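*Asks:* Quick one: sequence plus predicted model below, questions after.
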Amino acid sequence: MSITTILTQLATTEGAEAAADSGLLGSLGINPQMLLFQVIGFLILVWVMGKFVYPILIKQVDARQEKIEASLEAAREAEKHAASADARIDAQLKKARQEAQEIVATAKEEATHLLDEADKKSKANAEITLKKAHDEVAREITAAKKALHNETLELVALATERVIGATHTKDVDASVISAALKEAEK
Amino acid sequence: MAEKLSHTKIARYAVRQLQAGNGEVLREIAAYVLDERRLHETDLIIRAILEECERIGTVLADVTTIETLSDDMKAQIQKLTGASSLEIREHIDPSVLGGIRIETPTKRFDATFARTLSQLRERKI
């Protein structure tokens, strides 16, 4: 039988008897003996709790507290790292945006340059083509003039032949021969 | 081997003989040409003889016209050639259209209309 059991039995039998006896405490239902035992039991309980239970509890609470604080510290650290990571990310984004802007600007410049080059080239080609066309036209004009000149000569010769054949008389021929011989004598 | 005679030498010999009245000289020259196997030079030898004749004033002229020559024309031709003795071979050729063409062994005078028209055609570019 445990001490607690014994004390409990004792308290219940003696307590009933005492209650029947006392005046004020009795009217209140309080048994002094019982109260004493309860106080002692309570003190024993407190001592047992303080010796065996509270240290363990306190230790556990402390450990938990430490864990919580460590977690909080870790969270703060993590928050700090996150903040610095955010700052780095912002800086990198800014740098990336700047680089992208530079690339776009360079690309625009190059595109403008290429357009200018292409424009110049096409103008030069157009000028060359135009010059070739002019030269071709000039050549054709020259060829046409030559052909016209030759054809005119031929027509004149043919016409002259026909005219001479039709109009040349003996007297005319004699005067022509005479003039030619006189010219040759000179 | 005998030295090969030049055309000029043959011509001078021929002309001298002809002047001397030796009409057989041409046969001699023909025989020489045959003997020496110089038939291919016949034209050249004849030309050389004619040139030699012209040099001494005897001219053989080929005259081409569309009509026969009058005496005046012949006199003018003789004056033009400067020949003391002129022999004209007349050729009537309508294709010359008009005018006169005179050809001697060394000279040529072309005043035909055909020549004028030919010169006109030559101006083609």
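*Replies:* Arrived safely, thanks for sending. This one's a predicted model, so the numbers in the text were calculated from it and none came from an experiment.

*Asks:* Please make it C-alpha for all contacts and neighbour counts, starting now.
*Replies:* Will do.

*Asks:* Surely A:Lys132 is in a strand?
*Replies:* No - with DSSP: H, G, I helix; E, B strand; the rest coil as the criterion, A:Lys132 is located in helix rather than a strand.

*Asks:* And the helices in chain A, which stretches?
*Replies:* A:3-21, A:24-28, A:32-48, A:54-167, A:170-185 (DSSP state H).

*Asks:* buried ones in stretch A:159-169?
*Replies:* A:160-161 (16 or more other CA atoms under 10 Å in any protein chain shown).

*Asks:* Select, out of the helices of chain A, the one closest to B:Val96.
*Replies:* Taking CA to CA, helix A:54-167 is the member of the helices of chain A nearest to B:Val96, at 9.8 Å.

*Asks:* Give me the angle between that closest one and helix A:32-48.
*Replies:* Per axes from the mean of the first three to the mean of the last three CA atoms, to 10 degrees, the angle that helix A:54-167 makes with helix A:32-48 is 50 degrees.

*Asks:* Run through the neighbouring helices and strands of helix A:54-167.
*Replies:* Under the contact criterion of 3 or more CA pairs under 8 Å, 6 or more residues apart in numbering or on different chains; DSSP states H and E, helix A:54-167 touches helix B:113-122.

*Asks:* Show the contacting residues for residue 86.
*Replies:* Since you didn't name a chain, this refers to chain A. If you count contacts by CA atoms under 8 Å, 6 or more residues apart in numbering or on different chains, A:Asp86 has none.

*Asks:* my bad, the chain I had in mind was chain B
*Replies:* B:58-61, B:78 are the contacts of B:Leu86 under CA under 8 Å, 6+ apart.

*Asks:* cool, and A:Leu153?
*Replies:* B:120-121, B:123-124.

*Asks:* rerun that using 10 Å as the cut-off
*Replies:* A:147, A:159, B:117, B:120-124 (CA atoms under 10 Å, 6 or more residues apart in numbering or on different chains).

*Asks:* What separation do you get for B:Glu24 and chain A?
*Replies:* As for B:Glu24, its distance to chain A is 37 Å (criterion: CA to the nearest CA, to the nearest Å).

*Asks:* Tabulate the helices of chain A (TSV), appending distance to B:Val15.
*Replies:* TSV is the format used below for those (distance: least, CA to CA, whole Å):
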stretch	distance to B:Val15
helix A:3-21	192
helix A:24-28	202
helix A:32-48	183
helix A:54-167	43
helix A:170-185	28
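
*Asks:* Contact partners for the spatially closest residue to A:Leu181 that is not a sequence neighbour?
*Replies:* Of all residues not flanking A:Leu181 in the chain, B:Gln76 sits nearest, at 6.7 Å (CA to CA, 6 or more residues apart in numbering or on different chains). The contact partners of B:Gln76, by CA under 10 Å, 6+ apart, come to A:177-178, A:181-182, A:185, B:70, B:82.

*Asks:* Could you do A:Gly50 as well?
*Replies:* By CA under 10 Å, 6+ apart, the neighbours of A:Gly50 are A:43-44, A:56-57.

*Asks:* could I get these as CSV with pLDDT?
*Replies:* Shown next, in CSV, are these (pLDDT from 0 to 100):
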residue, pLDDT
A:Leu43, 95
A:Ile44, 94
A:Ile56, 92
A:Leu57, 91
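
*Asks:* Specify which member of the residues you listed is nearest to A:Ala107.
*Replies:* A:Leu57 (71.4 Å).

*Asks:* Torsion angles phi and psi at the residue nearest to A:Leu181?
*Replies:* phi -60, psi -40 (degrees, to the nearest 10).

*Asks:* Roughly how far does it sit from A:Ile177?
*Replies:* 10 Å (CA to CA, to the nearest Å).

*Asks:* again with B:Pro105
*Replies:* On the measure of CA to CA, B:Pro105 and A:Ile177 end up 21 Å apart.

*Asks:* neighbour count winner among those two?
*Replies:* Using other CA atoms under 10 Å in any protein chain shown as the criterion, B:Pro105 and A:Ile177 rank with A:Ile177 on top: 22 against 18.

*Asks:* Run through chain B and note the low-pLDDT ranges.
*Replies:* Residue ranges of chain B with pLDDT under 70: B:1-2.

*Asks:* I'd like to know which residues of it are adjacent to chain A.
*Replies:* Contact residues (CA under 10 Å from any CA of the partner chain) of chain B with chain A: B:65-70, B:72-73, B:76-77, B:79-82, B:94-101, B:109-114, B:116-125.
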